[in-house]
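K.L.:
3D model of this:
(one chain, ligands or ions: 1)
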Amino acid sequence: MTLYAENLNAAYGKTDVLNDVSVQFEREKFYALIGPNGSGKSTLLKVLAGLKTPTGGTIKGLSNVTPHAQQIAYLSQTRIAHPLMTVSDIVALGRAPYRKPFGNLTSHDKNSIEMAIEKTDLTALRDKAYGKLSGGQQARVLLARALAVDAPILLVDEPAAALDPYYQLTILELLEQEALTGKTVIAALHDLALIQQFSDEIVVMKNGYIQAKGQAETTLTNEILASVFHIKKTGGKYRPV
Ligand SMILES: Nc1ncnc2c1ncn2[C@@H]1O[C@H](COP(=O)(O)OP(=O)(O)OP(=O)(O)O)[C@@H](O)[C@H]1O
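P.N.:
Below is the predicted model of the structure:
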């Protein structure tokens, strides 16, 4: 599913944080959304997910007949869930957009839940209480909840934060795979090496604007790195400027 943002604006109180953001995200692609802290990545994801109302602009590409929550899955940067719920019960919450009030899980729901648990390597932890997991394990549970939605658009806010190197690679490989199956995957990320290794395209944000969009060769140039992040790459190493 191609998602179009046209002239999106958003604010917190009187402070504008998204400024005329126009950007297109295509299916079967894994987009890395990058930018300094506070540049508007999470806000853009929240607006695209329908969790924050824009002050202007439009989002196009979604179906009018399918519920919004079935079309877009969203992983928040804040990893909050009930500490007494088990891993599998939290992952099952991903099926909420499909369930009738007091309805039981269907075999399709159960299948999506199992797939999400398997993909995030949580089988051994499935009956554990969320509050008893490590930060990295909790991050995987909430990603599994988003995967269980089985939505054509997956928006994930710092999915690799708090993960050890093995799981960083596993999760980014998984997101890459989700895109290959036809999904539109947009992930706010910070690790430039991982971004170059896994993403199809990079969207660079600065002060609520889209500064650049394209492949690493055109978006991670020293000119853009210096103006957006105040860093540059010399001799194969990133350094502050
Ligand atoms: N709930 C809020 N209330 C008020 N201001 C907010 C709120 N959330 C974010 N902001 C402000 O909006 C701006 C954009 O924040 P946002 O979280 O979108 O940035 P980000 O690029 O995701 O940053 P980070 O890399 O630190 O996660 C920042 O200046 C931030 O202080």
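K.L.:
how about the residue nearest to the spatial centre of the chain, secondary structure?
P.N.:
Compute the mean C-alpha point of the chain, and by CA atoms, centre = their mean the closest residue is Val156, 1.2 Å away. Applying DSSP: H, G, I helix; E, B strand; the rest coil to Val156 yields a three-state assignment of strand.
K.L.:
State the number of residues packed around the nearest residue to it once chain neighbours are set aside.
P.N.:
With CB to CB, 6 or more residues apart in numbering as the criterion, Val156 has its nearest non-adjacent residue at 4.2 Å, and that residue is Leu75. All C-beta spots, glycine's among them, are computed from the backbone N, C-alpha and C. By other CB atoms under 10 Å, 23 other residues sit near Leu75.
K.L.:
cool, the one 5 residues further on as well?
P.N.:
Using other CB under 10 Å, Ile80 has 9 other residues around it.
K.L.:
I'd like the distance between it and the ligand.
P.N.:
Per CB to the nearest ligand atom, to the nearest Å, Ile80 is found 14 Å from the ligand.
K.L.:
just Ser39 next, same as before
P.N.:
According to CB to the nearest ligand atom, Ser39 and the ligand sit 4 Å apart.
K.L.:
Near the ligand, which residues of this structure are found?
P.N.:
Residues of the chain lying close to the ligand by CB under 6 Å from any ligand atom are Tyr12, Val17, Gly35, Asn37, Gly38, Ser39, Gly40, Lys41, Ser42, Thr43, Gln77, Ala188.
K.L.:
Flag the shaky bits of the protein, pLDDT-wise.
P.N.:
Along the chain, no part satisfies pLDDT under 70.
K.L.:
remind me, longest helix of it?
P.N.:
Ranked by number of residues, the top helix in the chain under DSSP state H is helix 165-180.
K.L.:
Starting from it, tell me the next helix or strand along the chain.
P.N.:
Remark: after helix 165-180, the chain's next helix or strand is strand 184-188, criterion DSSP states H and E.
K.L.:
Direction included, what does that next one pair against?
P.N.:
Using DSSP bridges, the strands paired with strand 184-188 are strand 29-34 (parallel), strand 153-157 (parallel).
K.L.:
Going by neighbour count, which residues of stretch 204-218 are buried?
P.N.:
By neighbour count on 16 or more other CB atoms under 10 Å, the buried set for stretch 204-218 is Val204, Met205, Lys206, Gly208, Ile210, Gln211, Ala212, Lys213, Ala216.
K.L.:
Let me have those residues in JSON lines, extended by secondary structure.
P.N.:
Formatted as JSON lines, the buried residues of stretch 204-218 follow (three-state DSSP):
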{"residue": "Val204", "secondary structure": "strand"}
{"residue": "Met205", "secondary structure": "strand"}
{"residue": "Lys206", "secondary structure": "strand"}
{"residue": "Gly208", "secondary structure": "coil"}
{"residue": "Ile210", "secondary structure": "strand"}
{"residue": "Gln211", "secondary structure": "strand"}
{"residue": "Ala212", "secondary structure": "strand"}
{"residue": "Lys213", "secondary structure": "strand"}
{"residue": "Ala216", "secondary structure": "helix"}
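K.L.:
which of these sit farthest apart?
P.N.:
Gly208 and Ala216 (22.8 Å; CB to CB).
K.L.:
does the closest residue to Val149 other than its chain neighbours sit in a helix or strand, and which one?
P.N.:
Leaving aside its chain neighbours, Val149 sits nearest to Ala73 (3.7 Å; criterion: CB to CB, 6+ apart). Assigned by DSSP H and E, Ala73 belongs to strand 72-75.
K.L.:
next one: phi and psi at the residue located most distally from the centre of the chain?
P.N.:
Using CA atoms, centre = their mean, the residue of the chain lying farthest from its centre is Gly235. It sits 31.5 Å away. For Gly235, the backbone dihedrals (degrees, to the nearest 10) come out as phi 60, psi 30.
K.L.:
All set now, cheers.
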